[in-house]
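A.B. asks: Output the structure for:
(one chain, ligands or ions: 2)
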Amino acid sequence: IESQLSDGPLKGVKAIVTSGPTREAIDPVRFIANRSSGKQGHAIASALAALGAEVTLVSGPVSIPDPTGLAVVKVESAVQMLNAVRSRLPAHVVVCAAAVADWTVANRATEKRKKKVGDPPPTIELTPNPDILMTVSKAEGPLRPTLVVGFAAETEKLMEHAADKLARKGCDWIVANDVSEGTGTFGGDANTVHVLDSDGVESWPAMGKEEVARKLAERIAKALGKA
Ligand code: CTP
Ligand code: CA
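C.D. replies: Ligands and ions are numbered 1, 2, ... in the order given. Purely as a prediction, here's the structure:
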């Protein structure tokens, strides 16, 4: 199997994929997180590895198993995720599929917050997290990957927000998906995505997350001139 994998079209290509949610601690026992299952990001990491890429999957806490045939780095917070990605650059391709928390807790308590009768509820103060996708996209020189792919999970105005993200973040592609209630995207197995790049939009029919991953890996191979 080893030799088969390393003989794929992405042989010699270094890839980093972020996946899953991040956790931002409120105190030692509580955190802020989100509904990302990690299914899509993990499937992309596996699909790239199946084409022979040397893949590092940087994942927040998920309940699905680690994919085999690639390196898995487990992190909790967005800052940890950024550091894990940064320390593994340079790479030819970076895919940011993680649902990174936009804010972290500014007033994190070092001991468990206790409630006292009559006290007002505590206030959680938030402060912005670093943007991993933007940091990687705007890296300079050899640290800038050949191809940087981001996701746009939206509940409304999908294309408008996705196009805005493509422009603002400086990545090469945005994979846009509708995560509004009823689509079953978050936690589910299916996904309907649109791939935006400087040439326009490519809309794919609804398909399983594994198939989205395979098609994306093939598109990546083509873009890198490897297929
Ligand atoms: N992303 C990231 N680091 C962050 C926030 C987002 O790497 N701190 C990446 C995600 O992995 C995804 C893309 O940026 O590939 C878009 O994430 P999204 O949450 O949709 O966009 P935001 O810019 O955070 O905007 P908003 O949440 O307001 O829609
Ligand atoms: Ca966000």
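
A.B. asks: Can you pull up the most central residue in the chain?
C.D. replies: Ala97 (2.0 Å; Cα atoms, centre = their mean).

A.B. asks: Model confidence for that one, exactly?
C.D. replies: At Ala97, the predicted lDDT confidence score is 98.

A.B. asks: residue contacts, it?
C.D. replies: Ala97 sits next to Val17, Thr18, Ser19, Gln40, Gly41, Ile44, Phe151 when contact means Cβ atoms under 8 Å, 6 or more residues apart in numbering. Where C-beta positions appear, they are placed from N, C-alpha and C, glycine not excepted.

A.B. asks: Would you mind listing which of those are buried?
C.D. replies: Buried members of the contacts of Ala97, scored by 16 or more other Cβ atoms under 10 Å, are Val17, Thr18, Ser19, Gln40, Gly41, Ile44, Phe151.

A.B. asks: Please identify which of those is nearest to Ala217.
C.D. replies: Ranked by distance to Ala217 (Cβ to Cβ), the buried ones among the contacts of Ala97 are led by Ile44 at 6.8 Å.

A.B. asks: A helix includes the closest one, no?
C.D. replies: Yes: checked against DSSP: H, G, I helix; E, B strand; the rest coil, Ile44 lies within a helix.

A.B. asks: In space, what's closest to it - neighbours in sequence excluded?
C.D. replies: Nearest residue to Ile44, sequence neighbours excluded (Cβ to Cβ, 6 or more residues apart in numbering): Ala213, at 4.5 Å.

A.B. asks: The one you found sits in which helix or strand?
C.D. replies: According to DSSP states H and E, Ala213 maps onto helix 209-223.
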